[in-house]
Structure formats: C-alpha cells, structure tokens
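Undergrad: here you go, sequence then predicted model.
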Amino acid sequence: MVSTELVKQLRRLNRVDKLEIIQILAAELANEETDLIKSGALYPVWSPYDAVEAANIMLEALNTETSQNNE
C-alpha cells in the first residue's frame with residue numbers, strides 16, 4: 001500500500017518531475033512484463049490440427065442450430 005506521505009510528496013512535485021516518475025514506473029512495469037516470458041524456455045501451445053473430435057462436435061452443433069432455425 002502506498003503511504004500517505006509518499007503521495008503528499010508526489011503531489012508537491014512539478015509537472016516535469018511527475019512525468020519523469022511516470023516514465024520510471026512505466027519502464028519498471030514493462031521490465032516486469034518481459035520477465036514473464038523466459039528466453040529459451042518451452043511453452044506448450046494447443047493447436048486444432050488433428051482435432052477431429054472437436055471439429056465433429058462443432059459441426060454437430062452448427063447442424064443442430066441450422067435445423068432449429070429452419071423450422
């Protein structure tokens with residue numbers, strides 16, 4: 001939690017200093033985001049390739065919807 005004293009000090013800063021603080025914090029957040037994906041690590045990704053069962057379920061649902069709309 002941010003201390004009230006820190007907030008008071010930040011509010012006293014001039015516009016340029018406030019923008020600099022924003023840039024510093026934005027850079028920190030960006031660095032944290034890039035740390036989420038590690039270089040050289042393996043990350044599994046699902047692919048619909050050879051997902052015949054899933055395709056059949058979707059086709060059945062579409063056919064059911066189409067037949068209900070045509071009634």
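TA: Sure, I can see it. Owing to the predicted nature of the structure, the values given are computational and were not obtained by experimental measurement. Numbers count the residues shown, from 1 in each chain.
Undergrad: which helix or which strand is home to residue 28?
TA: Residue 28 is located in helix 15-34, with elements delineated by DSSP states H and E.
Undergrad: who touches that helix?
TA: With contact meaning Cβ atoms under 8 Å, 6 or more residues apart in numbering, helix 15-34 is reached by 10, 13. Heads up, the C-betas are built off the backbone N, CA and C, glycines and all.
Undergrad: buried set for it?
TA: Within helix 15-34, no residue counts as buried by 16 or more other Cβ atoms under 10 Å.
Undergrad: for that helix, what is the average pLDDT?
TA: In this model, helix 15-34 has a mean pLDDT of 92.
Undergrad: tell me the average confidence for the helix or strand just after that helix?
TA: Moving toward the C-terminus from helix 15-34, the next helix or strand (DSSP H and E) is helix 52-70. Mean per-residue pLDDT for helix 52-70: 89.
Undergrad: helix 52-70: how far from the chain's middle?
TA: Chain-centre distance of helix 52-70: 31 Å, with Cα atoms, centre = their mean, to the nearest Å.
Undergrad: CA-only coordinates of it, as CSV, when you get a sec.
TA: Only the C-alpha atoms of helix 52-70 are listed here, as CSV (Å, rounded to 0.1, in the frame of the first residue of the first chain):
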residue,chain,number,x,y,z
VAL,A,52,-11.1,-34.3,-35.5
GLU,A,53,-13.4,-35.0,-32.5
ALA,A,54,-13.6,-31.2,-31.7
ALA,A,55,-14.4,-30.5,-35.3
ASN,A,56,-17.2,-33.1,-35.3
ILE,A,57,-18.7,-31.6,-32.2
MET,A,58,-18.7,-28.1,-33.7
LEU,A,59,-20.2,-29.4,-36.9
GLU,A,60,-22.9,-31.2,-35.0
ALA,A,61,-23.7,-28.0,-33.0
LEU,A,62,-23.9,-26.0,-36.2
ASN,A,63,-26.1,-28.5,-37.9
THR,A,64,-28.4,-28.5,-34.9
GLU,A,65,-28.6,-24.7,-34.9
THR,A,66,-29.3,-24.6,-38.6
SER,A,67,-32.0,-27.2,-38.4
GLN,A,68,-33.7,-25.3,-35.5
ASN,A,69,-33.6,-22.0,-37.4
ASN,A,70,-35.2,-23.6,-40.5
